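In: Next one to model:
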Amino acid sequence: MRILYFGDIVGDDTLKIFEDYLEDIKKEYKINLVLANAENLTGGKGLSFKHYKALKKLGFAGLSMGNHTFSKREIRDYMDDATIVKPANLNSEEGKDILYIKYNDKTIAMVNLLGRVYSNTPLDCPFKTMDALLDEIEADYILVDFHGDATSEKKAFFYDFAGKVTAIVGTHTHVQTADEEVYKNTCYITDMGMCGPEKSIIGDDVDMIIKRFRTGVFEPLVVSSDKNYILNGVILDINDNGNSITRFQKKLVLND
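Out: Okay, the predicted model is just below:
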């Protein structure tokens, strides 16, 4: 089974990139399933129902989230029935802690966790949360999106759960790392990177971010309007003979 897992999708216009290019990408790389982190899609924060439906129409089989899960309040109205997995260690009754996806005769369990390092959000321990989920999960493969800032926390989680899950992919920093590896047949990367405008600062308008640093004034940000886009993620090859992970990156132009 070949899975293409995209990093954080940033901004509404990135949907247009997927509309124009996703099918060709799937054919080129012989992809069976497409997954993504979608917590930054709508205006850079959260996921609207309109954009969720657009991703489903494009064929995304599962979506993980992060610290902006509830930035759009409307998600509370539809997430229980959606193919969305929320961070399991986020204290909320809404949403799924485990998303099951069927592919042929195999079952994939998607899990989403938030890192606690540098976080101001009251969170349960991601390590202990994963311990509890492993007692509950019934699936052939387990994919974990660890959404956090600290490389050390993600790496520690990887070594702790290597051999117990199929893949651990990092999100949140929007910068793709070059440390993909397989240990005890568990695939890992610290951060898959983002899908969004290339000339940006982690997806947002460059001038506004520079102004923030120069003035210390935190005005609301807007997604960069650059027409050159970058899609980052990983390709996971999962089979009974062993698992592998390959970085994915493609640069594309937004058509008017």
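In: Quick one: residues in contact with stretch 126-138.
Out: Identification of contacts with stretch 126-138 by CB atoms under 8 Å, 6 or more residues apart in numbering yields 88-89, 97-98, 107, 109, 111, 113-116, 142, 144, 146, 148, 153, 157, 160-161, 164-165. Every C-beta, even on glycine, is put in place using the N, C-alpha and C of the backbone.
In: now stretch 68-85, how far from the centre of its chain.
Out: From the chain centre to the centre of stretch 68-85 is a distance of 15 Å (CA atoms, centre = their mean, to the nearest Å).
In: pLDDT averaged over it, what's the number?
Out: For stretch 68-85, mean pLDDT rounds to 96.
In: Export that stretch to PDB, keeping only CA atoms.
Out: Listed next in PDB are the C-alpha coordinates belonging to stretch 68-85 (Å, rounded to 0.1, in the frame of the first residue of the first chain):
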ATOM      1  CA  HIS A  68      -6.100  25.000  15.500                       C
ATOM      2  CA  THR A  69      -8.700  22.200  15.500                       C
ATOM      3  CA  PHE A  70     -11.400  24.400  17.000                       C
ATOM      4  CA  SER A  71     -10.400  27.700  15.400                       C
ATOM      5  CA  LYS A  72     -13.500  27.500  13.200                       C
ATOM      6  CA  ARG A  73     -16.400  26.800  15.600                       C
ATOM      7  CA  GLU A  74     -18.500  25.200  12.900                       C
ATOM      8  CA  ILE A  75     -16.200  22.100  13.000                       C
ATOM      9  CA  ARG A  76     -18.100  21.100  16.200                       C
ATOM     10  CA  ASP A  77     -21.200  20.600  14.200                       C
ATOM     11  CA  TYR A  78     -19.800  18.100  11.700                       C
ATOM     12  CA  MET A  79     -16.600  16.600  12.900                       C
ATOM     13  CA  ASP A  80     -18.200  13.600  14.700                       C
ATOM     14  CA  ASP A  81     -19.400  12.300  11.300                       C
ATOM     15  CA  ALA A  82     -16.400  13.400   9.300                       C
ATOM     16  CA  THR A  83     -13.200  11.600   8.300                       C
ATOM     17  CA  ILE A  84     -11.300  13.800  10.700                       C
ATOM     18  CA  VAL A  85      -9.200  12.700  13.700                       C
END
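In: Give the buried residues for that stretch.
Out: Across stretch 68-85, burial judged by 16 or more other CB atoms under 10 Å covers 68, 69, 70, 71, 72, 75, 78, 79, 82, 83, 84, 85.
In: ok, now stretch 146-154?
Out: Of the residues in stretch 146-154, those buried under the neighbour-count criterion (16+ other CB under 10 Å) are 146, 147, 148, 149, 150, 151, 153, 154.
In: Then stretch 58-67?
Out: Residues of stretch 58-67 classed as buried: 60, 61, 62, 63, 64, 65, 66, 67 (neighbour count, 16+ other CB under 10 Å).
In: Turn those into JSON lines, including distance to residue 130 and secondary structure.
Out: Below are these laid out as JSON lines (distance: CB to CB, whole Å; DSSP: H, G, I helix; E, B strand; the rest coil):
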{"residue": "60", "distance to residue 130": "24", "secondary structure": "coil"}
{"residue": "61", "distance to residue 130": "22", "secondary structure": "coil"}
{"residue": "62", "distance to residue 130": "18", "secondary structure": "strand"}
{"residue": "63", "distance to residue 130": "19", "secondary structure": "strand"}
{"residue": "64", "distance to residue 130": "14", "secondary structure": "strand"}
{"residue": "65", "distance to residue 130": "16", "secondary structure": "coil"}
{"residue": "66", "distance to residue 130": "16", "secondary structure": "coil"}
{"residue": "67", "distance to residue 130": "18", "secondary structure": "coil"}
